[in-house]
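Chemist: attaching a predicted model along with its sequence, questions to come.
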Protein chains: 2
Amino acid sequence: MSLRCALLAQLNVEELSGYELTRRLAGSPGLFWQARSQQIYPELVRLEEQGLLTSRVVEQASRPDKRLYAITEPGRDRLREWVLSESPPSFAKDDFLMKVWSYGMVDPAAARRALSLHRTHHELRLARFEEAARVGSPGGAEALDARQFGEQLTIHAGLHVERSLLAWCAMAEEWLRERETAMRPSATEKGQTA
Amino acid sequence: MSLRCALLAQLNVEELSGYELTRRLAGSPGLFWQARSQQIYPELVRLEEQGLLTSRVVEQASRPDKRLYAITEPGRDRLREWVLSESPPSFAKDDFLMKVWSYGMVDPAAARRALSLHRTHHELRLARFEEAARVGSPGGAEALDARQFGEQLTIHAGLHVERSLLAWCAMAEEWLRERETAMRPSATEKGQTA
DNA sequence: TTCACCATGTAACACGTTACATGATTGG
DNA sequence: CCAATCATGTAACGTGTTACATGGTGAA
């Protein structure tokens, strides 16, 4: 439903090919919304059928030909409407937290290792967001054009979330360390229940 | 894939019916993983076919009979393995942030209204997490049993994330206010591009 | 020559949501 | 009598992933 609108949002800025859209959705917007080419190409066809996009083939020497998609007026209308529509927050469906839910039932030391590995993922993501923030706003806090403005907002959302999750990881590791030492003396069966 | 394990995690604590599991996954752990009965019942059947669960029918007077599911040893093995397995962070696929990406292209005042509505959702969720933290750890910081330990960890993850998102909302609303006033003087065509 | 990049797809499957369907008991 | 709660499902659909498939160009 909203891959549809993610594509419209990109094409609202400029004309792009399916290939280039695929690359975009692995870049900065892809930090919180990724999609694969196999999903994108058919979706573009559907959007054109619905009149939200038009396309034209551009012949290229020394490269395969490509089909450039452009947004139409109905497409812009659809996008505008969608952008301002309400959306419930979607921090639901988290694999990792479902695992953490059982951390009281496994060996605390093993849990702590898993957690610390997970933390490295978030450190990496934070670094990516920081990089994106630097690259995306060269003129500093102000002087953002229309596209950069929204992009920077989303990047900062990422920064906020990643930092808070790293803080949580530190707290959780501490909890596990405490649990570890609290269980050590009496833990003849290694404290495993799960 | 991990609804499977979400169910195993619940049943690792106690024997439950499909109905009760449905209720659980709309409660405290369900704050970050929800599933509907229509998905749960068939999944339980599949898990039993695979030998990860067993079930027995309990006849009830004055209530419909119910089928209680219990985890088996292979089920526990599967769960243990899953709990400690690596999972990449999953803050991907966020509808709302995809919308925010286009906030530079719509009327800033309208965007700010949408954002402020979104903020109320997060305020509500934060309140739910705070309530869950209070109810779930009556004995204070320590004295958590095996189940409460993991549950509290996940609840605190929720607390961290919700607070950071509220901070971000405040920042974003401020950005939009600034953009609003910056555009107002020269904005004869109301500043809409999208 | 081999690898990476450009460029576009199809097919099968897994996962999740919506809508529909049934039927008993308890409390207001 | 009506609504809510207990209890369990089926069917259709939409979305997303994995695997498979093709073929040209440019650089090392």
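Modeler: Cool, got the structure.
Chemist: only C-alpha atoms from now on, for both contacts and neighbour counts.
Modeler: Fine.
Chemist: what ranges do the helices span in chain A?
Modeler: A:2-13, A:18-24, A:37-49, A:73-83, A:95-100, A:108-136, A:146-183 (DSSP state H).
Chemist: among the ones you listed, which comes closest to residue A:63?
Modeler: Shortest distance between residue A:63 and the helices of chain A, using CA to CA, is found for helix A:18-24: 12.6 Å.
Chemist: so which elements touch that closest one?
Modeler: When contacts are defined as 3 or more CA pairs under 8 Å, 6 or more residues apart in numbering or on different chains; DSSP states H and E, helix A:18-24 packs onto helix A:37-49, strand A:66-71.
Chemist: what residues does the first one touch?
Modeler: Put plainly, it is helix A:37-49. A:4, A:18, A:19, A:21, A:22, A:53, A:54, A:55 (CA atoms under 8 Å, 6 or more residues apart in numbering or on different chains).
Chemist: just the buried ones from those, in PyMOL syntax?
Modeler: Typed into PyMOL, the line below selects the buried ones among those, using 16 or more other CA atoms under 10 Å in any protein chain shown:
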select buried, chain A and resi 18+21+22+53+54+55
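Chemist: ok, so of the contacts of helix A:37-49, who is nearest residue B:94?
Modeler: When those are compared for distance to residue B:94 (CA to CA), residue A:4 wins out at 13.4 Å.
Chemist: close to DNA strand D, is stretch A:77-88?
Modeler: No - against DNA strand D, stretch A:77-88 shows no contacts by CA under 7 Å from any atom of the strand, the least distance being 13.1 Å.
Chemist: check whether that stretch contacts chain B.
Modeler: Yes - contact of stretch A:77-88 with chain B is found when judged by CA under 8 Å from any CA of the partner chain, involving A:79, A:80, A:82, A:83, A:84, A:85, A:86, A:87, A:88.
Chemist: among the residues you listed, which has the minimum pLDDT value?
Modeler: For the residues of stretch A:77-88 next to chain B, the least confident position by pLDDT is residue A:88, scoring 81.
Chemist: and for that residue, the neighbour number?
Modeler: Around residue A:88 sit 13 other residues, with neighbours defined as other CA atoms under 10 Å in any protein chain shown.
Chemist: show me which residues of chain A sit near DNA strand C.
Modeler: Taking CA under 7 Å from any atom of the strand as the test, the list of chain A residues beside DNA strand C reads A:17-20, A:37-39, A:41-42, A:60, A:63-68, A:93.
Chemist: ok, now how distant is residue A:5 from residue B:4?
Modeler: When distance is defined by CA to CA, to the nearest Å, residue A:5 is 31 Å away from residue B:4.
Chemist: next one: residue A:55
Modeler: Where residue B:4 is concerned, residue A:55 sits at a distance of 43 Å (CA to CA).
Chemist: kindly report the same for residue A:178.
Modeler: Taken as CA to CA, the spacing of residue A:178 relative to residue B:4 amounts to 30 Å.
Chemist: go on, residue A:44?
Modeler: With CA to CA as the criterion, residue A:44 and residue B:4 are 34 Å apart.
Chemist: that concludes my questions; thank you for your assistance.
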